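Asks: Sequence and predicted structure are below.
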Amino acid sequence: MMNKHRRERMFETGDIRLLMLHFLQQRSAHGYELIKAIEDLAKGEYTPSASIIYPNLTYLEEQGFVLANQEDGGKKQYTITAEGAALLNQQGELLTTVTERLHSLAILSNNRSIPEMQRAINNIRSALNLRLAKGPIEQETLYKITDALDRATKEIERS
């Protein structure tokens, strides 16, 4: 059986809907513009897919929280309704939590892009990959590697 790495779900469905209403409260937008607005807020660390945005826009429209106006090119322009604004107002605390999560992703992106940080991350990754590619690891060597990584982890966490 293959070990697959799954990315943890970033947001619940309601969180995405609140973000969408938040951006629509600022101005009307197409679905793609909402995707880009969320991506920009997270500095590229999170980009919702079209398969998340468009069904949620349909849901918000069906619930009366947004209006969709068909434009000449076939695109829909979405506008928040009074009901959508009221929902957004009721959920202000949750919206703050969601936007703070996106801001922390942006901070992560900024800090990870510091050249010294990139070099250090790449060095540890390369050293570990080179060692793991050498072949079977004896128990004593395994302990040395994991102890070194654990020490580094603790120092980073406590810094």
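Replies: In hand now; what should we look at?
Asks: alpha carbons only for contacts and neighbour counts from here, please
Replies: OK.
Asks: Quick one: list the elements packing against the longest helix along the chain.
Replies: In terms of residue count, the longest helix belonging to the chain (DSSP state H) is helix 92-112. Using 3 or more CA pairs under 8 Å, 6 or more residues apart in numbering; DSSP states H and E, the elements in contact with helix 92-112 are helix 13-26, helix 31-41.
Asks: what's the next secondary structure element after the last one?
Replies: When you say that, I think you mean helix 31-41. helix 50-62 (DSSP states H and E).
Asks: tell me the angle that following helix makes with helix 31-41.
Replies: Compare the direction of helix 50-62 with that of helix 31-41 by axes from the mean of the first three to the mean of the last three CA atoms, to 10 degrees and you get 120 degrees.
Asks: Next, the buried residues of helix 50-62.
Replies: 53-54, 56-57, 60-61 (16 or more other CA atoms under 10 Å).
Asks: circling back: could the helices and strands packed on helix 92-112 be laid out in JSON lines, adding distance to residue 104 and mean pLDDT?
Replies: Converted to JSON lines, the helices and strands packed on helix 92-112 look like this (distance: least, CA to CA, whole Å; pLDDT from 0 to 100):
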{"stretch": "helix 13-26", "distance to residue 104": "15", "mean pLDDT": "93"}
{"stretch": "helix 31-41", "distance to residue 104": "10", "mean pLDDT": "93"}
